[in-house]
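J.: My questions are about this predicted structure, shown below with the sequence.
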Amino acid sequence: EHRGHNIGIIMSGLLIGILASRAVSGSIGFWLGWRAVYLMAAMICATMIIVMAKRFPKSRPSFSGNYAGLMRSMFGYIKSQPVLRETSAINFLAFALISAFWTTMVLYLANPPYNFETLRIGLFGIAGAAGALAAPLVGKLSDGGNPRKNLIKGFILQALSIGLFYLTGNLIIFIIGIVLIDIAQQAIHVTNQTRIYSLIPEARNRLNTIFMSVSFIGASCGSAIGLWLWDKGGWAMFCYGSIGLILLNVLIFYVYRKKYA
C-alpha cells in the first residue's frame, strides 16, 4: 500500500547522499587535496560495513538454486517481463542524462564567465539535494496514481530544466534548473522502481538487481556522453544532446504504451 512512499524515502536518502557528497568532496579537495577525498570515502565505507553488519536484520534468500541458476533466472525475467525492459530502458537514459549534467556542469562552472573553484562548484550539489527531497512525495503519487502520468511529468520537468540551462546565464535560474532536473529524476526513478516491485513478489531482489544495474550502467555512459558532447560543442551541445536523450525516452515510453497497453 505504501511501497512507493517507502521507496521514495530510501531513494531520497541515497540521492541526497550522492549530491551532498559533491559539496563535501569539493570542500575537502579545496582545503586538503584530492587524496583526502578518497581517504574520507574509504573511512565512510569501512564505517558503513560495520554498521550494516551490526544493524541490518538477518534474512534468508528465497532462491534455493546455485549462482549460475540465479543468473539464468534473471535473463529469463528480462525476456518475459516487458515492464522490466521498459522501466530499465527509461531509467538507463534518465540516469545517463542526470550523470551527463553533473559531469559537464563542473566544466561549465569552472570556465568563463564563472571560473569557479572546486569549493564553490561543490556547493551546487546542495541545490540538487533539495530536489532529491521530493522523492517521498513522488512515492506517494506512485502509490495512489497513474505511474505513466508521473513519467510524463518527469520528462516535462527534464525538458524544462534543460531549457533553463540553455536559455539563461543567470545563476539563480540555473539553480532552479538543478532543483527541477533532480525532481524529474526522482519522479522517473521512484515511479519505475515502484512498478518493478509490483511485478513478481518472490523475485523482487532479482528484478531490482537488473533494474539498478542497467540504471548505473546508464549513469556511467552518461558521464562519457557528457564529456563527449562538451568536447564537441561545449554547454550548448550538452543541452542539445540532453534533449535527444529525453526524446528517445519519450519514444520508448510511447512504443511500450502502445504495444503492451
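T.: Received the coordinates, thanks.

J.: Tabulate the CA atom coordinates of the helix or strand residue 79 falls within in PDB.
T.: Residue 79 belongs to helix 67-80 when assigned by DSSP states H and E. Output in PDB follows, covering the C-alpha atoms of helix 67-80 (Å, rounded to 0.1, in the frame of the first residue of the first chain):
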ATOM      1  CA  TYR A  67      24.700 -18.900  -8.600                       C
ATOM      2  CA  ALA A  68      24.600 -19.900 -12.300                       C
ATOM      3  CA  GLY A  69      20.900 -20.700 -12.000                       C
ATOM      4  CA  LEU A  70      20.300 -17.400 -10.300                       C
ATOM      5  CA  MET A  71      21.900 -15.600 -13.300                       C
ATOM      6  CA  ARG A  72      19.900 -17.600 -15.800                       C
ATOM      7  CA  SER A  73      16.700 -16.700 -14.000                       C
ATOM      8  CA  MET A  74      17.400 -13.000 -14.300                       C
ATOM      9  CA  PHE A  75      17.900 -13.300 -18.000                       C
ATOM     10  CA  GLY A  76      14.600 -15.200 -18.100                       C
ATOM     11  CA  TYR A  77      12.900 -12.200 -16.400                       C
ATOM     12  CA  ILE A  78      14.400  -9.800 -18.900                       C
ATOM     13  CA  LYS A  79      12.800 -11.900 -21.700                       C
ATOM     14  CA  SER A  80       9.400 -12.400 -20.100                       C
END
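
J.: Of all the residues in that helix, which ones are buried?
T.: By 16 or more other Cβ atoms under 10 Å, the buried positions in helix 67-80 come out as 74, 77. C-beta coordinates here come from the backbone N, C-alpha and C atoms, glycine included.

J.: The closest residue to residue 159 other than its chain neighbours: how many residues sit nearby?
T.: The spatially closest residue to residue 159, leaving aside those adjacent along the chain, is residue 246, at 5.5 Å (Cβ to Cβ, 6 or more residues apart in numbering). Neighbour count for residue 246, taken as other Cβ atoms under 10 Å: 21.

J.: which residues touch residue 246?
T.: By Cβ atoms under 8 Å, 6 or more residues apart in numbering, the residues touching residue 246 are 93, 97, 155, 158, 159, 162.

J.: Next: residue 250.
T.: Residue 250 neighbours (Cβ under 8 Å, 6+ apart): residue 155.

J.: just how off-centre is the helix holding residue 79 within its chain?
T.: 25 Å (Cα atoms, centre = their mean, to the nearest Å).

J.: Helices of the stretch 101-250 of the chain, start to end?
T.: Applying DSSP state H, counting those that start in this stretch to the stretch 101-250 of the chain gives helices spanning 118-132, 135-144, 147-167, 171-197, 204-260.

J.: just checking, residue 181 touches residue 156?
T.: No - at 11.7 Å, residue 181 does not count as touching residue 156 under the criterion of Cβ atoms under 8 Å.

J.: Next, find the distance separating the residue positioned nearest the centre of the chain from residue 211.
T.: Nearest to the mean C-alpha position of the chain, counting by Cα atoms, centre = their mean, stands residue 95 at 4.5 Å. Distance, residue 95 to residue 211, by Cβ to Cβ, to the nearest Å: 11 Å.
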